[in-house]
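# pasting the structure only:
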C-alpha cells in the first residue's frame, strides 16, 4: 500500500472520529461582529467557516494567526473570523450577506466538511459553494477556497465525489485552492486539542502556514490595486 493511500485512510479514520463528535454539536452563534477597519487598514479579509476556523478559540484560531502574520509583514489588513461551530454550506449561504460587510475584499471560504460528514448530496454542496463564490465575485471580492476530505462513511464513491467538488469549483471560477486545510494537523496529537479533532494553538499556526502561500498573492494583488487608485 503506497504512502498516499495510507495517508488518505488515516485521514479518513480521523474524520470518522469527527463524525461521532461533530454531528452532535449544534451550530452556535460564535461569529464575531465585523471588526471596524482602522484608518490605516488596506482592506478586510473574511473567513467564512466552521469549527476549524474558531478552534481552539477566536484568539488562537488560524484567522487570528493570519492577522498576526499580516501585521508582522507590515500589511495593514483586518481579518474577520466569521466561523460558526457545526456550520454547513447551507448555513454559510444563509448568513453570507451579513458575514461579508461592504468593505470585504478577500473571502476565505472554509465550509463543506460538515456537509460531507452528514452525507449531504454532492450537488447541493457544490451548488451552495458555487453560489457563495459567485456572490463574492459579483462584488469584486477575491475568493480563496479551502479543500477538505471526508471518510467513506457513505461509500467510497461519495468520498471521492466530495473531494472532487473543491478542485472542480476552483477551476470553474478560477480561484486558488488550498488542497487540504488540515495538512500536517490531522492525526497529529501535538497539533490538536485533547479531543483529538480540533486544532490547538500549534495546529492553528500550522493551518495558517498552509493557507498563507495561497492568501499572500491575493493580498499583494489587492494591495497593489488599492495603491494604484
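That came through fine. These numbers were taken from a predicted model, which means no experiment stands behind them. Numbering: from 1, shown residues only.
# now the phi/psi pair for the nearest residue to residue 167 once chain neighbours are set aside, please.
Spatially, and ignoring its direct neighbours in sequence, residue 167 is nearest to residue 177 (6.1 Å; Cβ to Cβ, 6 or more residues apart in numbering). Where C-beta positions appear, they are placed from N, C-alpha and C, glycine not excepted. Dihedral angles of residue 177 (phi, psi; degrees, to the nearest 10) stand at phi -130, psi 130.
# and residue 177, how many neighbours?
Residues near residue 177, counting by other Cβ atoms under 10 Å, number 17.
# so it is in contact with residue 143, correct?
No. Here residue 177 does not reach residue 143: they are 9.8 Å apart, not a contact under Cβ atoms under 8 Å.
# and the longest helix along the chain, what does it pack against?
The longest helix of the chain (DSSP state H) is helix 201-227. Judged by 3 or more Cβ pairs under 8 Å, 6 or more residues apart in numbering; DSSP states H and E, helix 201-227 is in contact with strand 43-49, helix 62-72, strand 104-110, strand 142-146, strand 177-178.
# reformat those as a markdown table; add mean pLDDT.
Formatted as a markdown table, the helices and strands packed on helix 201-227 follow (pLDDT from 0 to 100):
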| stretch | mean pLDDT |
| --- | --- |
| strand 43-49 | 97 |
| helix 62-72 | 97 |
| strand 104-110 | 98 |
| strand 142-146 | 98 |
| strand 177-178 | 98 |
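# in this structure, where is pLDDT below threshold?
For the chain, the stretches with pLDDT under 70 are 1-41, 226-229.
# would you check that residue 219 makes contact with residue 76?
No. Using Cβ under 8 Å, residue 219 is not in contact with residue 76; the gap is 10.5 Å.
# could you dump the helices and strands packed on helix 201-227 into CSV with distance to residue 199 added?
Output for the helices and strands packed on helix 201-227, formatted as CSV (distance: least, Cβ to Cβ, whole Å):
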stretch, distance to residue 199
strand 43-49, 12
helix 62-72, 7
strand 104-110, 12
strand 142-146, 13
strand 177-178, 14
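# so which of these is nearest residue 195?
Of all the helices and strands packed on helix 201-227, helix 62-72 sits nearest to residue 195, with 17.1 Å by Cβ to Cβ.
# next, the buried residues of that closest one.
Going by neighbour count (16 or more other Cβ atoms under 10 Å), the buried part of helix 62-72 is 62-67, 69-70.
# center of this structure, which residue is that?
residue 110 (2.1 Å; Cα atoms, centre = their mean).
# distance check, the nearest residue to that one once chain neighbours are set aside against residue 115.
Among residues not flanking residue 110 along the chain, residue 49 sits closest, at 3.3 Å (Cβ to Cβ, 6+ apart). Going from residue 49 to residue 115 by Cβ to Cβ, to the nearest Å gives 13 Å.
# which neighbours do these two share?
The contact sets of residue 49 and residue 115 do not overlap (Cβ atoms under 8 Å, 6 or more residues apart in numbering).
# follow-up on the earlier one: compare neighbour counts for residue 219 and residue 76 and give me the winner.
The residue with more neighbours, out of residue 219 and residue 76, is residue 219; 22 against 15, by other Cβ under 10 Å.
# check contacts around the more buried one.
45, 70, 75, 77, 106.
# let's see that with 7 Å instead.
Applying Cβ atoms under 7 Å, 6 or more residues apart in numbering, one finds that residue 219 lies in contact with 75, 77, 106.
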